[in-house]
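Peer 1: Sequence and predicted structure are below.
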Amino acid sequence: MNNKTDKKLEDAMLNMLAGVKDFRKQEEEKQYKKYWSEIKVPFSLKEGLGKYTKYELDEIRKSLQIKNVSNLKKDKLIDLLVEEIPHYLERIYLLWDSERFHLLTNMASKEGRSKALNIADEQIRYFRANGLIYTGVHEGEKILAVPSELIEQINALKSNIEARGTIKRNTEWIKLTGGLLYYYGTLNLNQLIEMLEKYTKEPLNLRDYFQVIHDANDFRKQFYIDEEGFSHLRVFDPKKVLQEHKSRKSLPFYPLTKDQLLTAGEYNFVERNKGYAQLVSFLTENFKIDKAAADQLAEECVYATKNGDSPNDVLQYLSRMLEFENKETLHKLIDNVVFLMNNTREWFLKGHTSTELSEVEKTGNKNNSKRVEEIKVGRNDPCPCGSGKKYKKCCG
């Protein structure tokens, strides 16, 4: 009886999972068709908006902060948006950075369209929400396009000195914020403002800054804001990061140059130092994976280190991803992982590496209130090979 019941439950679960999978596939197909249907080029703003649903048009209205017109029918709402979107375009530079601005002006210089290269659904949703940029398939290619009546206005923005200066400022704000959070993990608002003013060498206009940062995060999610402050997207526990910072009051934040921060503020940046390169090389040479897969594993090791994971945690993760042919390979992997972790700038250590702080201690500097030792696999830790035995009783 119990076996029959278990079989029924198992079948029901499998059917439910199959149903979820089918539903997800249907939704993905529906979304793909919405984003990449045939598009006629050139097209007018009215024609572009005419392909949107009433709900989508209302989202554009909200994005443009047009109030008290929610009861308009679709055709009247389109007419209103045709009037308002050019006004929105006039002030778009107040929020945008160089990436989005160059994308827009590049389309305008090429008769209103460009190839849609490496654009994620997140960015497509962002563009659809402002009515300026449209997606579709033209002559068999995926493209981004702007309505024909906006091309001249976009081209005029390129020679607008005020616009160029504001876009440069916005780009710097976004990249500096991203770079600071990449190296320090989480910063409260006061810390972030103080650091930004230090690197920009001018007072921060908070109202403008918050508008720019929120809009940039809508375009591409790179960090998040909560009651603790600003955090890198990969931070698991912002409160823990701030607590670790506080416990090291006498330890200053690692001094980074402005160029380092601007580089680290690029989307998907990962510091590929010597330890990173060595691990990637070792993985490709000793396991049946290509460079892209090895790079992804090394990146996960970096973020695990930044989040305070132990070497054993990292090695346990790798043991699920890789197959070890012998103990010698495992030992060499451990050496490479430990070297990477010791030379990764950690969020808990205010952007320092454990090796740097260990060197400070060796030279007799006693200013740090909390001792930080180089990372190593403990003899009594579970063995990273996944056997379940202690490291000293197994591969150690």
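Peer 2: Received, thanks.
Peer 1: Check which helix or strand residue 204 maps to.
Peer 2: Per DSSP states H and E: residue 204 is located in neither a helix nor a strand.
Peer 1: okay but it is in contact with residue 194, surely?
Peer 2: No - the pair formed by residue 204 and residue 194 falls short of the contact definition of Cβ atoms under 8 Å, at 9.2 Å. For the C-beta atoms, the positions are set from N, CA and C on the backbone; glycine is no exception.
Peer 1: which of those two has more neighbours?
Peer 2: A direct count of neighbours by other Cβ atoms under 10 Å for residue 204 and residue 194 places residue 204 higher, at 16 against 12.
Peer 1: If I look at the more buried one, what pLDDT would I see?
Peer 2: pLDDT for residue 204: 96.
Peer 1: Let me see the contact set for it.
Peer 2: Applying Cβ atoms under 8 Å, 6 or more residues apart in numbering to residue 204 gives the contacts 193, 196-197.
Peer 1: What number of neighbouring residues does residue 213 come out with?
Peer 2: Neighbours around residue 213, by other Cβ under 10 Å: 21.
Peer 1: On the three-state scheme, the nearest residue to it once chain neighbours are set aside is what?
Peer 2: In space, and not counting its chain neighbours, residue 213 is closest to residue 177: 6.3 Å by Cβ to Cβ, 6 or more residues apart in numbering. The three-state label given to residue 177 by DSSP: H, G, I helix; E, B strand; the rest coil is helix.
Peer 1: right, and residue 177 touches residue 217 too?
Peer 2: No - using Cβ under 8 Å, residue 177 is not in contact with residue 217, being 9.6 Å away.
Peer 1: so what sits against both of the two?
Peer 2: residue 223.
Peer 1: of the two, who's got more company?
Peer 2: residue 177 (25 against 16).
Peer 1: Who are the contact partners of the more buried one?
Peer 2: Neighbour list for residue 177: 192, 196, 213, 223, 230, 265 [criterion: Cβ under 8 Å, 6+ apart].
Peer 1: Find the nearest non-adjacent residue to the residue most central in space within the chain, please.
Peer 2: By Cα atoms, centre = their mean, the chain has its centre lying nearest to residue 222, at 3.6 Å. Using Cβ to Cβ, 6+ apart and skipping the chain neighbours, the partner closest in space to residue 222 is residue 178 (5.4 Å).
Peer 1: my guess is the one you found meets residue 223, correct?
Peer 2: Yes - when contacts are counted by Cβ under 8 Å, residue 178 is listed as touching residue 223 (6.7 Å).
Peer 1: and those two? which has more neighbours close in?
Peer 2: Comparing residue 178 with residue 223 by other Cβ under 10 Å, the one with more neighbours is residue 178, at 26 against 20.
Peer 1: Can you give me the pLDDT of residue 26?
Peer 2: Residue 26 is assigned 78 on the pLDDT scale.
Peer 1: swap that for residue 358, sorry
Peer 2: You'll see residue 358 listed with a pLDDT of 82.
Peer 1: Helix, strand, or coil at it?
Peer 2: With three-state DSSP as the basis, residue 358 sits in helix.
Peer 1: immediately after whichever strand or helix holds residue 240, which helix or strand?
Peer 2: Using DSSP H and E, residue 240 sits within helix 238-247. Where DSSP H and E defines the elements, the next helix or strand beyond helix 238-247 is helix 258-264.
Peer 1: what sits up against that next one?
Peer 2: In contact with helix 258-264 (Cβ under 8 Å, 6+ apart) are residues 172, 175-176, 178-180, 182-183, 199, 269, 271.
Peer 1: Repeat that for stretch 187-197.
Peer 2: Contacts of stretch 187-197 (Cβ under 8 Å, 6+ apart): 173, 176-177, 180-181, 203-204, 206, 209, 228-230, 242, 253.
Peer 1: hmm, 10 Å instead?
Peer 2: Contacting residues not belonging to stretch 187-197 are listed as 172-173, 176-177, 179-181, 184, 186, 202-204, 206, 209-210, 213, 225, 227-232, 238, 241-242, 245, 253, 256, 261 [Cβ atoms under 10 Å, 6 or more residues apart in numbering].
Peer 1: Many thanks, I have nothing further to ask.
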